[in-house]
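> fold the stuff below for me.
(one chain, ligands or ions: 2)
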Amino acid sequence: MPSFDATPWEDEELLLLLQTMFLEFDLCSKFAIDINTLRNFLYEAYKNYNDVPFHNFRHCFCVTQMMYSISRNVNITEKIGDLELLILLTSCICHDLDHPGYNNIYQINAKTELAIRYNDISPLENHHCSVAFRILENEECNIFKCFSSEEFKQIREGIIRCILATDMARHNEILTNFKDIIPIFDANDKSHVNLLCMVLIKVSDISNEARPMDVAEPWLDKLLLEFFKQSDAEKLEGLPVTPFMDREKITKPSSQCSFIGLVLLPLFEALGELLPELINLIVQPVRDALDYYRRLNEATKEERLQRKSIVAELAEQNNTPSSQSPDSSIAVPKSSSNTSVKIKKSLSFQQNSSRSRSTDDEPDLSSGSGNVLIDGQSLDDVAEDPESGESETATEVEVSEKTLKFKISTESTSGTGRKSYPGSRKGSREKVQNLNSSELTRMIQRGKLRAGALSFDQHCLGSSNKKLSFDPPEFLDEYAIILKKKLEDGLANQCDEDDDIDDNHQDCVLSKETLNLNKRNSEHSVKIPSSIDETRSILKCSEKIYSNNEKLQMNNTKVQEHRLSSENGASEDNGSPQKISDKIYSINDQSDKCSDVGSSAKEEKENITLNENKARSIFARFRQFTDRFGFSVDKDSRLKSSKNNSVKSSSARSSTPTKSKKKLEGMKSYCKSLEEMSDRRASTLPKIKKSGTHKKGWKLLGLGKEKECWASDAAVDTLTVAISVDKDNQSLASTSQLSDCPSPKKATDIRQFSKYQHTDEGKIQMDCKFVSNQKMNDLQNATEGPFVVATSDKDPKFI
Ligand SMILES: Nc1nc2c(ncn2[C@@H]2O[C@H](COP(=O)(O)O)[C@@H](O)[C@H]2O)c(=O)[nH]1
Ligand SMILES: [Zn+2]
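Numbering: from 1, shown residues only. Ligands and ions are numbered 1, 2, ... in the order given. So this is what the prediction gives:
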């Protein structure tokens, strides 16, 4: 249901739910998608989302979940078929992969690596798509590996079409084309289906306001946090300030009034026209949300007028013309309170509002004036002075269209009028602040950074995602086991006894903290387990989901063993898809019950502009870097260390000993990801098939793990030790030959070479074992398990 609130759910649970969505539609069996491949794919997608306020994994989940809800409610497969649904769900999962938290307008204006790479054409969406297909290149994650190349081509086209459709710069184009086909929609016309799919993913992407207020509002806060972060960066870097992100221009209600009224609702209503089943489900809630924000906006205006009249009165008393600003002796607050939550809270209508709101931790949405120029046009043409009470700014769609130099036509549409759009970017009248390139360079030096080294991929793809700290192949099974064990250990009983979940219980799937997050008042909201009985009941249902998924889908030895030992043969034969479906819905049911720029002067000017542009670009990269590594740059250009927005911290969950242990495991897996990333950077080079013979670098072969991974030369150099080995007689290196090995790979670390052979590629491969467990751990942490090295060097190096 659209009322679903993902907040209380752990990341791993959300991953499991994503898996369940595929199973629910029987996509795995219909398209021979191996369940382990699906899990690997989901986990890899998860790892490629960043810990940014809004465009994170949870946003991806919500979008996919909305797509799922819509699809179920309108019986989508009957209209567009299973393959399109598979494309849609996969597109939702991938649609914001590796989003940096700064949108296309920023990417283009700041001339980031992405904007340059994609020539300003949907840089982010192209990147999300590219990352998606990098993930799918890996056989272990390729959920489409069973498809023929022709089918894969079709799927790839579909995913690209869907993900690129999420660029808001294309909103009007897509909506206009869609509206044209509504009266003549033909499910057999591929162009119509394509347009419907584009609209479906767009609707899902911006559907937060279709959810209950208590679910939607925290998302708005996160979005505004990301908006303000970008507009603050734009001000600092002398870029055009994106008006709808400017904390001095917008308020929460003004932002929503223009977004919902001008962008969201027209789209939803168009979809509702074609699929009337969606009117009650998502269109009406959006209308209610608009109504709510309009009233809130009106009330805010009223409050401003009242404040102005008080100022006028006071000014009169002091013989100060009311049109002038009151002098400092008149202590009337200007704007700090005009949009404050506290004031909003006291607004009389609010008490009657059906949409209750939270008040804590709200971003400072104080309004102010600031004339911002975008492409020669004063935003005052569109945005009125917030002090006038009409603090509306140009919508994201308008600004995105103006920022984009090129207009992209909707592919494969019905041939209905391709629209031409006004306002290609005329050049920028950028507001340049006091920062020059040398200052920026100094900043970078202070950060001990080499500007040229800051390519997007390096700090984006190479960033350490503070994600689930366990290895993908096992985690779901492991999670199911943990969950089950908790239940078996009688956690529910402990909760019952104490009615107070202490530290020891924070690992509980539905901990008290989590339960507190569940305190929802909306009647549409998902379950609030207000009692231990309800908690236990959810836990029991969760157990059944995992248990049944295990039985049907988790063909994993660990799970099998665990099940055998823990259930002692007493398995239930209730794992049919329908039964699993019933179980899942039984949870949903229970949830419902509980609530929910010729002369020297000119040249000089040109040089200045060039330097400014360079500076901006460097700054942009630098800031991307600092963002990635958890630093922030304040207006005095100082580096401030800050805590990373880890998934866990954002969800206020503490780390348990179990989780710490898993973090170590996660690091090993991350090291492997880094190796794979060195590959990704060659994205502008012709694709080389991933076969061992063509691979350059060092091959690390895991022992004891049936894994094989590659490392760049650079990565291995830091670990390698040169030793001489007589290749011809294939004699084994002795441990004494390793005596000059630098720490930590001392000779004593190597006990035995069990195998030694030349590979077909002329490489030497060696198996070795390490004596010291500690050293072994060091090496394992640095690479990937006990390993041997194969190399084409004449002077082989072993680690
Ligand atoms: N002012 C608001 N803007 C919103 C809201 N929900 C979404 N959005 C904007 O739409 C894009 C969607 O594209 P994405 O693929 O990047 O997610 C998003 O970036 C927001 O800018 C909203 O409720 N209010
Ligand atoms: Zn999105």
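> drop to CA atoms for contacts and neighbour counts, all remaining ones
Will do.
> and residue 6, that one's in a helix?
No: counting by DSSP: H, G, I helix; E, B strand; the rest coil, residue 6 is not found in a helix; it is coil.
> surely it and residue 57 touch.
No: with contact defined as Cα atoms under 8 Å, residue 6 and residue 57 do not form a contacting pair (11.0 Å).
> these two: who's more crowded?
Using other Cα atoms under 10 Å, the more surrounded residue of residue 6 and residue 57 is residue 57, with 28 against 18.
> element containing the residue nearest to that one when sequence neighbours are not counted?
With sequence-adjacent residues excluded and distances taken as Cα to Cα, 6 or more residues apart in numbering, residue 57 is closest to residue 49, at 5.3 Å. Here residue 49, judged by DSSP states H and E, is contained in no helix and no strand.
> ok, residue 49 - how many residues close by?
25.
> cool, and residue 151?
13.
> just the pLDDT at it, thanks.
On pLDDT, residue 151 comes in at 97.
> who's in contact with it?
Contacts of residue 151 were listed using Cα atoms under 8 Å, 6 or more residues apart in numbering, and none were found.
> before we move on, back to that, mind listing what the residue nearest to residue 57 touches?
55, 56, 57, 96, 97, 98, 99, 465.
> and it, backbone torsions?
phi -100, psi 150 (degrees, to the nearest 10).
> how close does it get to residue 310?
With distances taken as Cα to Cα, to the nearest Å, residue 49 is found 49 Å from residue 310.
> close to ligand 1: what parts of this protein are there?
Counting by Cα under 6 Å from any ligand atom, the chain comes close to ligand 1 at 96, 166, 205, 206, 208, 209, 220, 255, 256, 259.
> so the last one sits against residue 397, correct?
Read it as residue 259. No: Residue 259 lies out of contact with residue 397 (Cα under 8 Å); the separation is 9.1 Å.
> those two: who's more crowded?
residue 259 (21 against 18).
> excluding chain neighbours, what is closest to the more buried one?
Closest to residue 259 by Cα to Cα, 6+ apart is residue 395, at 6.4 Å.
> quick check: pLDDT value at that neighbour.
82.
> now the chain against ligand 1: closest residue?
Going by Cα to the nearest ligand atom, ligand 1 is nearest to residue 206 of the chain, at 4.2 Å.
> and that residue, how many neighbours?
Neighbour tally, residue 206, other Cα under 10 Å: 20.
> let me see the contact set for it.
By Cα under 8 Å, 6+ apart, the neighbours of residue 206 are 63, 264.
> so what's it scoring on pLDDT?
With respect to pLDDT, residue 206 has a value of 98.
> next one: the one 5 residues further on
The per-residue pLDDT reported for residue 211 equals 97.
> likewise residue 94?
Model confidence at residue 94, given as pLDDT, is 98.
> next: residue 676.
Residue 676 is given a pLDDT of 44.
> how many neighbours does residue 50 have?
28.
> my read: it touches residue 57, true?
Yes: assessed by Cα under 8 Å, residue 50 is found in contact with residue 57 at 7.2 Å.
> identify the contacts common to the two.
Common neighbours of residue 50 and residue 57 (Cα under 8 Å, 6+ apart) do not exist.
> gap between the residue of the chain closest to ligand 1 and residue 120?
Following Cα to Cα, the distance that separates residue 206 from residue 120 is 22 Å.
> ok, residue 244 next?
20 Å.
> who are the neighbours in contact with residue 142?
37, 38, 41, 135, 136.
> check which helices and strands the lengthiest helix in the chain sits against.
Selection of the longest helix in the chain by residue count, based on DSSP state H, yields helix 284-317. Using 3 or more Cα pairs under 8 Å, 6 or more residues apart in numbering; DSSP states H and E as the contact test, the elements touching helix 284-317 are helix 252-259, helix 341-346.
> now do it, average pLDDT.
On average, helix 284-317 scores 88.
> buried residues in it?
Judged by neighbour count using 16 or more other Cα atoms under 10 Å, the buried positions of helix 284-317 are 284-301, 303-305, 307-308, 311-312, 314-315.
> stretch 76-84 too?
Result for stretch 76-84 [16+ other Cα under 10 Å]: buried residues 76, 80, 82, 83, 84.
> what does stretch 130-142 give?
Within stretch 130-142, the residues that count as buried by 16+ other Cα under 10 Å are 130, 131, 132, 133, 134, 135, 136, 137, 138, 140, 141, 142.
> now residue 86: how far from residue 253?
From residue 86 to residue 253 the distance is 36 Å (Cα to Cα).
> let me redo that: residue 211
17 Å.
> tally up the residues packed near residue 12, please.
Residue 12: 18 neighbours (other Cα under 10 Å).
> state the pLDDT value of it.
The predicted local confidence for residue 12 is 93.
> cool, and the one 10 residues further on?
Predicted confidence (pLDDT) at residue 22: the value is 98.
> and the nearest residue to it once chain neighbours are set aside, what is it in contact with?
Counting by Cα to Cα, 6+ apart, residue 22 lies nearest to residue 28, which is 6.5 Å off, once chain neighbours are set aside. For residue 28, the contact set (Cα under 8 Å, 6+ apart) comprises 22, 34, 35.
> can you add secondary structure and give those back as JSON lines?
Shown next, in JSON lines, are these (three-state DSSP):
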{"residue": "22", "secondary structure": "helix"}
{"residue": "34", "secondary structure": "coil"}
{"residue": "35", "secondary structure": "helix"}
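> check residue 196 and give its pLDDT.
Per-residue pLDDT puts residue 196 at 98.
> is it true that it touches residue 178?
Yes: Residue 196 is within contact range of residue 178, at 7.1 Å (criterion: Cα under 8 Å).
> what's the burial count for the residue nearest to residue 287 when sequence neighbours are not counted?
Leaving aside its sequence neighbours, residue 287 sits nearest to residue 265 (Cα to Cα, 6+ apart; 7.1 Å). For residue 265, the count of nearby residues is 23 (other Cα under 10 Å).
> how far away is residue 265 from residue 125?
23 Å.
> residue 18 too?
Distance from residue 18 to residue 125, counting by Cα to Cα: 21 Å.
> tell me which of these two has more neighbours.
Remark: of residue 18 and residue 125, residue 125 carries more neighbours, 25 against 21, as counted by other Cα under 10 Å.
> you'd agree residue 53 is in a helix?
No: counting by three-state DSSP, residue 53 is located in no helix; its state is coil.
> give me phi/psi at it?
According to degrees, to the nearest 10, residue 53 has phi -60, psi -40.
> for it, grab the count of nearby residues.
Residue 53: 23 neighbours (other Cα under 10 Å).
> got it, and residue 278?
If we define neighbours as other Cα under 10 Å, then residue 278 has 18 of them.
> I figured it hits residue 270, correct?
No: Residue 278 is beyond contact range of residue 270, at 10.4 Å (criterion: Cα under 8 Å).
> where does pLDDT dip in the chain?
320-392, 404-799 (pLDDT under 70).
> try 50 this time
Residue ranges of the chain with pLDDT under 50: 322-354, 356-391, 407-466, 469-473, 480, 483-484, 486-599, 625-759, 762-776, 779-799.
> before we move on, the earlier item: of the buried residues of stretch 130-142, which is the nearest to residue 172?
The closest of the buried residues of stretch 130-142 to residue 172 turns out to be residue 130 (Cα to Cα; 24.4 Å).
> secondary structure element for the closest one?
helix 123-137.
> quick one: the helix or strand following that helix to helix 123-137, angle?
Counting by DSSP H and E, the next helix or strand C-terminal to helix 123-137 is helix 149-165. Interaxial angle of helix 149-165 relative to helix 123-137 (axes from the mean of the first three to the mean of the last three Cα atoms, to 10 degrees): 150 degrees.
> tell me which residues in helix 149-165 are buried?
By neighbour count with 16+ other Cα under 10 Å, helix 149-165 contains the buried residues 155, 156, 158, 159, 160, 161, 162, 163, 164, 165.
> just to revisit the earlier point, possible to save the contacts of residue 142 as a markdown table with distance to residue 13?
A markdown table is the format used below for the contacts of residue 142 (distance: Cα to Cα, whole Å):
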| residue | distance to residue 13 |
| --- | --- |
| 37 | 18 |
| 38 | 15 |
| 41 | 15 |
| 135 | 21 |
| 136 | 22 |
